[in-house]
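[1] need coordinates for the following:
(2 chains)
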Amino acid sequence: AQSVAQPEDQVNVAEGNPLTVKCTYSVSGNPYLFWYVQYPNRGLQFLLKYITGDNLVKGSYGFEAEFNKSQTSFHLKKPSALVSDSALYFCAVRGNGQNFVFGPGTRLSVLP
Amino acid sequence: DTAVSQTPKYLVTQMGNDKSIKCEQNLGHDTMYWYKQDSKKFLKIMFSYNNKELIINETVPNRFSPKSPDKAHLNLHINSLELGDSAVYFCASSPWGGAYEQYFGPGTRLTVT
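    This next block holds a predicted model:
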């Protein structure tokens, strides 16, 4: 069965510092991996995805993520955090079939 | 020109009532989904339709019935509402195929009293 873990409920980082939001997954076959962001009282917005190819993928708003097959991880990163990045971040995986499975979410707080 | 829209945005109702939530997408996608987000923000897929055909039906009480009149619309009807149905319900759409991301609507906050 597919599963996604986001080991940190909350990540706090100072503005201007690099940020990392962690994600590990379990899926049979090759994974399709996604990151979404949710701002308060809004729907989820797509940030980036890994399908195949280069392990480092770049997405919206300066975010990037690194796929690591041996560690089954897909951590989200940004070199310099902004206060406006504060939101809830979801990692998702899609393996066999059409089911998206979402992680439990990580709340990112960027402190001024 | 909203991509995925839902109505209503807020829904407050009493236990035992029947209610519907509507979803429309203008992205030309073949696949649409309903998700439930609980108070702890966990997101769980409920249903998925591809070209009006049900393809995913997770373990959801049969009080929940999706209906897709055409591939641009996916409505959710809930019978005999219970307190535990209180949540935010999100509609989403995507092209058919595993490599595609989903586009989410703004959500409908359902409160059952």
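[2] next up, the contacts around residue 104.
    Because you didn't say which chain, this covers chain A. A:5, A:6, A:9, B:40, B:41, B:42 (C-beta atoms under 8 Å, 6 or more residues apart in numbering or on different chains). Any C-beta I mention is one placed from the backbone N, CA and C, and that applies to glycine too.
[3] um, chain B though
    A:36, A:43, A:44, A:45, B:4, B:35, B:90, B:91, B:92.
[4] before we move on, what about residue A:12?
    Neighbour list for residue A:12: A:109, A:110, A:111 [criterion: C-beta under 8 Å, 6+ apart].
[5] how near is the last one to chain B?
    In other words, residue A:111. 21 Å (C-beta to the nearest C-beta, to the nearest Å).
[6] so which elements touch the lowest-mean-pLDDT helix or strand in chain A?
    When each helix and strand of chain A is scored by mean pLDDT, DSSP states H and E, strand A:100-102 comes last, with a mean of 90. The helices and strands touching strand A:100-102, judged by 3 or more C-beta pairs under 8 Å, 6 or more residues apart in numbering or on different chains; DSSP states H and E, are strand A:3-5, strand A:87-94, strand B:43-50.
[7] mind listing what that strand pairs with, with the direction of each?
    Sheet pairing of strand A:100-102 (DSSP bridges) gives strand A:87-94 (antiparallel).
[8] show me the contact partners of the strand it pairs with.
    With C-beta under 8 Å, 6+ apart, strand A:87-94 has contacts from A:2-4, A:6, A:21, A:23, A:25, A:27, A:31-40, A:44, A:47, A:74, A:76, A:100-103, A:105-108, B:41, B:43, B:98.
[9] keep only those of the residues you listed that are in strands.
    Residues from the contacts of strand A:87-94 lying in strands, with DSSP state E as the criterion: A:3-4, A:21, A:25, A:32-38, A:44, A:47, A:74, A:76, A:100-102, A:106-108, B:43.
[10] show me which residues of chain A are close to chain B?
    Contacts of chain A with chain B, taken as C-beta under 8 Å from any C-beta of the partner chain, map to A:32, A:34, A:36, A:38, A:41-46, A:49, A:51, A:88, A:90, A:94-95, A:97-102, A:104-105.
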